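Q: got a structure for you, letters missing:
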């Protein structure tokens, strides 16, 4: 869910943002900049930690391959 908010920027900053990012992408750009500062531990950190766990990744790959094989067998 998104919330609407009004912010005030220096005119030069706004114009630079408009030129660089474009009017329709300003909100997403600002959100992407702010998110790591206000959300605490990010999901990205968790995903990186999971990906670094080689044993877990091997098990996940084995499970994924078995699932794909099951789906292929059912299609026949």
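A: Nice, I can see it. Being a predicted model, the structure only gives us computed values, none of them experimental. Numbers count the residues shown, from 1 in each chain.
Q: need the contact list for residue 57.
A: 50, 51 (C-beta atoms under 8 Å, 6 or more residues apart in numbering). Every C-beta, even on glycine, is put in place using the N, C-alpha and C of the backbone.
Q: Run through this protein and note the low-pLDDT ranges.
A: 40-42 (pLDDT under 70).
Q: hmm, try it at 90
A: 1-2, 32, 34-53, 56-61, 67-76 (pLDDT under 90).
Q: Residue 31 versus residue 3, what's the distance?
A: 11 Å (C-beta to C-beta, to the nearest Å).
Q: An error on my part: the question was meant for residue 69.
A: 40 Å.
Q: Nearest to the middle of the protein, which residue? Look it up for me.
A: Against the mean C-alpha coordinate of the chain, by C-alpha atoms, centre = their mean, the closest residue is residue 44 at 7.3 Å.
Q: element containing it?
A: Using DSSP states H and E, residue 44 sits in helix 43-52.
Q: again with residue 37
A: Residue 37 belongs to helix 26-38, assigned by DSSP H and E.
Q: Please report how far residue 63 lies from residue 56.
A: 11 Å.
Q: same thing with residue 47?
A: 12 Å.
Q: for residue 74, same thing?
A: 27 Å.
Q: more crowded one of those two?
A: The neighbour comparison of residue 74 against residue 56 (other C-beta atoms under 10 Å) goes to residue 56, with 12 against 7.
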